[in-house]
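> Here you go, sequence then predicted model.
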Amino acid sequence: MRFSILLLPLLILTSCYESERNCSDFKTGTYEFEALSGTEIFKTTITRNDSIEIDFFDGKSDTSSIRWINDCEYVLEKLNPKNQAEKKAILIKILTTKQDTYTFEFSEVGKTKTSKASARKVIP
């Protein structure tokens, strides 16, 4: 009896929190996201299919291969890196999804420092 009294508030609180992620809905399509660097906002457009991602930024494009770890995580590796920094793989983790947007975390593979951003699907 005492256990159920303690458990009841926890069940009520968790039932109000929706944590569903539909990552597979965001595996392919065209997305936009904005990032703040200093005082400037930079807009990037990404077109992704199951195995390739093309980034369009500042009038230039860059292509990366995608290796999916699971429905919500993948690793990006540039196909034609121009320097050592571009040779480093990037781990992307989709944290939340909601209608046409998702929030993701990214970092260099093997590093603990992460950054977060949100992207909006513009073309399915």
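Ah, there it is. Numbers count the residues shown, from 1 in each chain.

> In the protein, which residue is most central in space?
residue 104 (3.1 Å; CA atoms, centre = their mean).

> helix or strand for that one, which one?
In this assignment (DSSP states H and E), residue 104 forms part of strand 101-108.

> Give me the mean pLDDT for that strand.
Throughout strand 101-108, pLDDT has a mean value of 94.

> how far out from the middle of the chain is that strand?
Computed by CA atoms, centre = their mean, to the nearest Å, the chain-centroid distance of strand 101-108 equals 3 Å.

> strand partners of the helix or strand just after that strand, parallel vs antiparallel please.
Remark: after strand 101-108, the chain's next helix or strand is strand 115-123, criterion DSSP H and E. Strand pairing for strand 115-123, using DSSP bridges, gives strand 29-37 (antiparallel), strand 101-108 (antiparallel).

> among these, which is the most enclosed?
Greatest average neighbour count among the strands paired with strand 115-123 goes to strand 101-108 (a mean of 16), per mean count of other CB atoms under 10 Å. (Glycine included, C-beta is placed from N, CA and C.)

> which residues are in contact with it?
23, 26, 88-96, 113-121 (CB atoms under 8 Å, 6 or more residues apart in numbering).

> about what we covered before: mind putting the strands paired with strand 115-123 into TSV with distance to residue 47?
Shown next, in TSV, are the strands paired with strand 115-123 (distance: least, CB to CB, whole Å):
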stretch	distance to residue 47
strand 29-37	5
strand 101-108	15
